[in-house]
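Student: let me see the structure of the following:
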Amino acid sequence: MTRSIFHLVILFLSLSPTATTSAQPNRPAPPLQLSAEIVSQNYCAVTSDAAALEMKIKLRYRNIGSQKIILYKGHDLFYQTRIRSAPGNAAGPYEVWVVNSRYFDKEFEPIDQTSPSRVFLSLPPGAVYQREIMIGVGLVHDKVERGDSSINAGDHTLQLIVSTWYKSRSLAQKLRQEWQGKGLLWSEPLVSAPIHFVAQRPRLTAPCRSSN
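Tutor: From the prediction side, this is the model:
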């Protein structure tokens with residue numbers, strides 16, 4: 001199981017908004033559309049020079065097609081976040097990638113069934129499914145070297161690449177064929193449009209809680 005998760009992470013990390021949306025310029029828009037909204041931003045102190053910014057993100061999956069979409073809604077998903085400094089940011093142009101996952105390999109999920117199980121939902125045309133996730137990124141003082149996993153204060157854009165499937169491609173093809181009378185099984189990653197946010201350097205923050 002651990003090896004399978006490793007290969008899945010490598011495959012997911014190889015995806016990018018460019019590869020998933022621009023590889024075929026004439027390709028029509030997918031029937032499943034993803035949008036993201038920042039619900040809240042919270043800060044905590046890591047050191048005197050660094051803080052952690054935690055953002056609650058609301059994801060909206062909208063069926064803009066003409067047939068029902070069968071969407072996996074279980075707990076085994078990966079999220080890749082691209083954060084870019086916005087034009088005018090005093091720190092100059094840079095880009096940070098953050099990977100978050102929700103994977104519980106010890107909990108069985110009924111996937112390979114004759115019909116979609118409880119871990120799937122049927123999304124009619126025009127319908128919207130919502131879920132919330134948390135992402136975190138380091139925030140450092142402007143005079144401190146930023147590194148590859150932290151950002152500076154200022155204006156940024158945030159874009160999400162979200163997995164919708166964690167099993168093999170062959171299983172997705174098999175189930176798509178078997179379930180076609182109930183809808184279209186969606187298994188491709190989705191990419192949200194960039195959204196703007198401002199990272200602030202709070203003067204007073206409580207220390208971050210240890211996860212231990």
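
Student: what ranges of this structure fall below the confidence cut-off?
Tutor: Low-confidence segments of the chain (pLDDT under 70): 1-27, 101-107, 204, 210-212.

Student: quick one: contacts for Val96?
Tutor: By CB atoms under 8 Å, 6 or more residues apart in numbering, Val96 lies in contact with Arg82, Ile83, Arg84, Val137, Asp148, Ser149, Ser150, Ile151. Every residue, glycine included, has its C-beta placed from N, CA and C.

Student: what element comes up after the one helix or strand it maps to heading to the C-terminus?
Tutor: Using DSSP states H and E, the element containing Val96 is strand 95-102. Downstream of strand 95-102, the next assigned helix or strand under DSSP H and E is strand 120-123.

Student: for that following strand, buried residues please.
Tutor: Buried residues in strand 120-123, defined by neighbour count with 16 or more other CB atoms under 10 Å: Phe120, Leu121, Leu123.

Student: so what's the second one bridging to?
Tutor: Beta-bridge partners for Leu121, by DSSP bridges, are Leu71.

Student: list the contacts for it?
Tutor: Applying CB under 8 Å, 6+ apart, we find Leu121 in contact with Ile70, Leu71, Lys73, Tyr129.

Student: again with the last one
Tutor: With contacts taken as CB under 8 Å, 6+ apart, Leu123 has the following neighbours: Leu32, Tyr61, Asn63, Lys68, Ile69, Ile70, Leu71, Tyr129, Gly183.

Student: how about those in CSV, adding distance to Ala51?
Tutor: Shown next, in CSV, are the contacts of Leu123 (distance: CB to CB, whole Å):
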residue, distance to Ala51
Leu32, 36
Tyr61, 32
Asn63, 39
Lys68, 44
Ile69, 39
Ile70, 41
Leu71, 35
Tyr129, 33
Gly183, 44
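
Student: those in strands, which ones?
Tutor: The strands, defined by DSSP state E, take in Leu32, Tyr61, Asn63, Ile69, Ile70, Leu71, Tyr129 from the contacts of Leu123.

Student: wait, doesn't Ile70 sit right on Gly181?
Tutor: No: the criterion here is CB atoms under 8 Å, and Ile70 misses it with Gly181 at 10.9 Å.

Student: out of the two, which sits in the busier spot?
Tutor: Ile70 (21 against 6; other CB atoms under 10 Å).

Student: okay, the ones in strands among the contacts of Leu123 in JSON lines with distance to Arg169 next?
Tutor: Output for the ones in strands among the contacts of Leu123, formatted as JSON lines (distance: CB to CB, whole Å):
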{"residue": "Leu32", "distance to Arg169": "17"}
{"residue": "Tyr61", "distance to Arg169": "20"}
{"residue": "Asn63", "distance to Arg169": "22"}
{"residue": "Ile69", "distance to Arg169": "18"}
{"residue": "Ile70", "distance to Arg169": "16"}
{"residue": "Leu71", "distance to Arg169": "17"}
{"residue": "Tyr129", "distance to Arg169": "23"}
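
Student: which one of those residues is nearest Leu158?
Tutor: Ranking those by separation from Leu158, with CB to CB as the measure, puts Tyr61 on top at 17.5 Å.

Student: that concludes my questions; thank you for your assistance.
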